[in-house]
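Chemist: got a predicted structure plus its sequence, pasted below:
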Amino acid sequence: MTVHREVLTGKHLMQGDVACAEGAIAAGCRFFAGYPITPATEIAERMARRMIEVDGMFVQMEDELASMAAIIGASWAGAKAMTATSGPGFSLMQENIGLAVMTETPCVVVNIMRGAPSTGQPTEGAQQDVMQSKWGSHGDYEIIALAPASVQEMFDLTIECFNFAETYRAPTFLLADGFTGHLWERVVIPPPEEIKTVERKKPVVPPDKYLPFKPDEDLVPPMACFGEGYSVHVTGLTHDELGYPKTTDPKIQRELVNRLCQKIRKNSDRIIRTYEFMLEDAEVAVVAYGIPSRSSLSAVKMARKAGIKAGLLRLITVWPFPEKKVEELSNNVKAIVVPEMNCGQVVREVERVAKETPVHFLSKIGGEPHSPSEIFEVIRRAAKT
Amino acid sequence: MTVIQEFEKHPLAKYLRLERFPHIWCEGCGDGIILNCFVKALDDLGVNMDKLVVVSGIGCMGRVAGYIKCDSFHTTHGRPIALATGIKLANPKLTIAVISGDGDLFAIGGNHFIHAARRNVDMTVICSNNFNYGMTGGQVGPTTPLNSYTTTTPYGNIEHPFNLVHLTAAAGAVYVARWTALHVKRLTESIKKALQKKGFKFIEVISPCPEIYGRRNKLGKSIDIMKRYRQISEIRHGYDPAKAEITREKIIVGEFIDIEKPTYGELLQKQFLKIQKKMIGG
Amino acid sequence: MEIRIGGFGGQGIIRTGLILATASCVYGDKNAIQTASYGPESRGGRCRSEVIISDEDIDFPKVEHPDILVAMSEEAYLQYVDDLKENGILIVDPDLVPNQRENLEVRMYEVPATKIAEGLGKKIVANVVMIGAFAAITNLLGVEDLKESIRRNVPKAFMKLNLTAFEKGYEYGKSLLKS
């Protein structure tokens, strides 16, 4: 008797964190390492119960440094691997996130953001780690980050994260907030054959011809994993195409770091996902991501009822930042409104590309998402100027 | 004949990435001896090099991962054991050896070390203990003896050092041994034994650092340090690791712990079979 | 339709919200959202569950002014009663809320859920009694959908007890409507 346990096809009322875990399993994740932390613990708990059912591996590590290290190791051993955490744990992971970038290790890091700095507000949602996810580890690099705004997207975008991680061999982040992580909502899980999953590229040459860090045209090198007979050497040091340390050759450092950035930047059109609502004739555009984008949707509808031509650009991909999209938008509207559950992070990127177009920022910190009327008020003011 | 061609004739050459030589280690360093003993053990056992992964951290000994011709990972400082845990659990068919230094494994990586030992994850950990951070010029470390001089203890060390074998035994390792770089045959045998045994295995190797630690503490040349090892080391198999301290007068070496205990992987496999049976049954 | 359920930890407040939401969006054909808030205590602290049920997509997922308030502690009653919409539905367990306000512009129903549950031998099913009464009073959700949802949300061993609790609550709610 074959029991289908990988994909829980059907209609469910599910918590955001749980949907994330199920999305990971559906994407082929078979290794999870983590450390308990509110409001991400439910992901680890779900994985602890589910991994063994799908012949996968769950391990609770001693801290988040170790969790991040373990998923890098697991990925090199051939598994699709994930960890999940929140602010304090995310800070600890930064060191090995840099290692994952440098060693081009496909892996998924989920951050269910809570109020910060430091221990902050464990049970309250926030969007305060958006810049950290881009710049948190030392050095120049690019990562991919997706921001879900519903429980369905906690499922769908986790799958997308795995697909991006495997395609571009880069750590990929699911940046959700504590509110969405703990939200219960309907999720429709499709049958397995309707779920698109991506596997990492493997070398097509024999071991003696294989250069583990020589990229193909898409700037991504094929990946031989441990135990496959390729004798791969992996190091966090600056390395040549063979993977060997070359730490004092400026050309090698330059080419490597540039390629690590370019493989994301040059493919950004393939990575960027946005959702547009009533932007065709909009004079005021709200640019939002995550849970405030839902308040924004209500606010835009309120504005339309009040005769204001408002629209919404929702960023599903936050990193790489959808520059072209926002720039185009700024050429077509009178004003942009950016609501965030922080003191101003993505708004800096919006301002950078919007140039002359006025940008109204609406900060909300404390744990509650913006109410639609708060955003509507700013839209109304922006429409007048 | 080039140096590389000369190397190629060595019977153990096939285990090394010859293009990476000469290595970075100082003359008289014990790390090369440890590498030598390790590949000799691989040769004696006929280890399948396609299924061996060597993981190391940062430091002089950390460079070893780049010299052995197998899958290898040179990790961030202190994290080789956490990373190796991921490798082993994701693919239990791989044989894992972590080879690193005292600072990497026991200062910045101490937490990962004790927890991997507690979980009894199947890996062999070899620690080159040279009593200081050699690569960065000789700073105090978790094993630096009291009153020793390093660049960050210019007036003498006032921190009590770890007794690594005692620490490891307490954390739950199934095999704990200590040798010096002088005991090449015994060290090789010990590595062989560890590689064949299941669980978390630990071998401490007291290793000369004549250029950095030795110079600052007036220990003489490597040969003098080795002579001293011969004079003061005492083989005591089965000795209580708590008492196996290292002093200026005595170094207790030998196999201290050699027990059987189910590994993390074995216990997981048991649980897995139980759950699978239950799922198929109902 | 916005619903807020307030009480203290250990009463099954969150489970109550989940049962309502599951009935709406898994067994019924409505959309639903459940959010919860609670203190750091595992038991005895304040606890609140909010459910939004709608035929449309639910954009903003938070309850601001509930149409229905279910109060299962005096603290919750006092904290939330003023948020209730004018002419909204207020369902109260009178034994847990002995001191009630007067002259409220609401439709008020008293359901002694805890007492009824004690009569069934298990105080813990008071929340399911309340769900039964809620179903009768509001007529918002299908009875069969709710029963399916209870089956999915409670342990097998207590299924029969919970379904009985639901029936008892439903009967009580109906009787309130008649009077």
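Modeler: Thanks, I have it.

Chemist: so how far is the strand or helix carrying A:Leu329 off the chain centroid?
Modeler: Using DSSP states H and E, A:Leu329 sits within helix A:323-332. Distance, stretch centre to chain centre, for helix A:323-332: 22 Å (C-alpha atoms, centre = their mean, to the nearest Å).

Chemist: which of the residues in it are buried?
Modeler: Buried positions in helix A:323-332, judged by neighbour count with 16 or more other C-beta atoms under 10 Å in any protein chain shown: A:Lys325, A:Val326, A:Leu329, A:Ser330. Bear in mind the C-beta positions are built from the backbone N, C-alpha and C, glycine included.

Chemist: keep only those residues that also lie close to chain B.
Modeler: For chain B, no contacts are drawn from these by C-beta under 8 Å from any C-beta of the partner chain.

Chemist: where are the low-confidence patches of chain A?
Modeler: Counting by pLDDT under 70, chain A contains low-confidence ranges at A:1-4.

Chemist: returning to what we had before: include distance to A:Gly366 when you put the buried residues of helix A:323-332 into JSON lines, please.
Modeler: Output for these, formatted as JSON lines (distance: C-beta to C-beta, whole Å):
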{"residue": "A:Lys325", "distance to A:Gly366": "30"}
{"residue": "A:Val326", "distance to A:Gly366": "27"}
{"residue": "A:Leu329", "distance to A:Gly366": "29"}
{"residue": "A:Ser330", "distance to A:Gly366": "30"}
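
Chemist: contacting residues around A:Glu228?
Modeler: Taking C-beta atoms under 8 Å, 6 or more residues apart in numbering or on different chains, we find A:Glu228 in contact with A:Gly78, B:Asp50.

Chemist: got it, and the one 3 residues further on?
Modeler: Contacts were defined as C-beta under 8 Å, 6+ apart; by that measure A:Ser231 touches A:Pro207, B:Arg17, B:Met49, B:Asp50, B:Lys69, B:Cys70, B:Asp71, B:Ser72.

Chemist: tell me which residue in chain C sits closest to chain B.
Modeler: Residue nearest to chain B within chain C (C-beta to the nearest C-beta): C:Lys156, separated by 12.3 Å.

Chemist: what's the residue nearest to A:Thr235 when sequence neighbours are not counted sitting at in phi/psi?
Modeler: For A:Thr235, ignoring the flanking residues on the chain, the nearest one in space by C-beta to C-beta, 6 or more residues apart in numbering or on different chains is B:His74 at 3.8 Å. Main-chain torsions, B:His74, degrees, to the nearest 10: phi -100, psi 100.

Chemist: how close does B:Asp104 get to chain A?
Modeler: Counting by C-beta to the nearest C-beta, to the nearest Å, the gap from B:Asp104 to chain A is 13 Å.

Chemist: next one: C:Leu120
Modeler: To chain A, C:Leu120 is 26 Å away according to C-beta to the nearest C-beta.

Chemist: my guess is that residue contacts C:Asn162. True?
Modeler: No. Counting by C-beta atoms under 8 Å, C:Leu120 sits too far from C:Asn162 to count as a contact (9.6 Å).

Chemist: more neighbours: those two, which one.
Modeler: C:Asn162 (25 against 17; other C-beta atoms under 10 Å in any protein chain shown).

Chemist: for that one, what are its contacts?
Modeler: C:Asn162 makes contact with C:Val125, C:Val128, C:Ile150, C:Val154 under the criterion C-beta under 8 Å, 6+ apart.

Chemist: and the residue in chain A positioned nearest to chain B, how many neighbours?
Modeler: Relative to chain B, the nearest point of chain A is A:Gly73 (2.8 Å; C-beta to the nearest C-beta). If you count neighbours by other C-beta under 10 Å, A:Gly73 ends up with 34.

Chemist: which ones are touching it?
Modeler: B:Val55, B:Phe73, B:Ala82, B:Leu83, B:Ala84, B:Thr85, B:Gly86, B:Ile87, B:Lys88, B:Ala90.

Chemist: out of the residues you listed, which touch chain A?
Modeler: Restricting these to those touching chain A (C-beta under 8 Å from any C-beta) yields B:Val55, B:Phe73, B:Ala82, B:Leu83, B:Ala84, B:Thr85, B:Gly86, B:Ile87, B:Lys88, B:Ala90.

Chemist: tell me which of those residues is nearest to chain C?
Modeler: B:Ala82 (30.1 Å).

Chemist: report the secondary structure state of the closest one.
Modeler: helix (DSSP: H, G, I helix; E, B strand; the rest coil).

Chemist: how many residues are close by it?
Modeler: Neighbour count for B:Ala82, taken as other C-beta under 10 Å: 32.

Chemist: on the pLDDT front, check it for me.
Modeler: As predicted, B:Ala82 sits at a pLDDT of 98.

Chemist: need the nearest residue in space to residue 183, chain neighbours excluded.
Modeler: Let's take chain A. Per C-beta to C-beta, 6+ apart, closest to A:Leu183 is A:Gly16, 4.9 Å.

Chemist: looking at chain B here, not the other one
Modeler: Residue nearest to B:His183 in three dimensions, not counting chain neighbours: B:Val253, with 6.6 Å by C-beta to C-beta, 6+ apart.

Chemist: A:Leu175 sits in which helix or strand?
Modeler: Secondary structure from DSSP H and E places A:Leu175 in strand A:171-177.

Chemist: give the partner strands of that strand in its sheet and their orientations.
Modeler: Strand partners for strand A:171-177, identified by DSSP bridges, are recorded as strand A:107-115 (parallel), strand A:144-146 (parallel).

Chemist: show me what contacts C:Glu86?
Modeler: By C-beta under 8 Å, 6+ apart, C:Glu86 lies in contact with C:Glu105, C:Val106.

Chemist: by contact count, what packs against the helix or strand that contains B:Trp179?
Modeler: Counting by DSSP H and E, the element that carries B:Trp179 is strand B:175-180. On a contact count with 3 or more C-beta pairs under 8 Å, 6 or more residues apart in numbering or on different chains; DSSP states H and E, strand B:175-180 meets helix B:164-171, helix B:184-196, strand B:200-206, strand B:251-258.

Chemist: quick revisit: need the winner for burial among the strands paired with strand A:171-177.
Modeler: Most buried of the strands paired with strand A:171-177, by mean neighbour count (mean count of other C-beta atoms under 10 Å in any protein chain shown): strand A:107-115, with a mean of 29.
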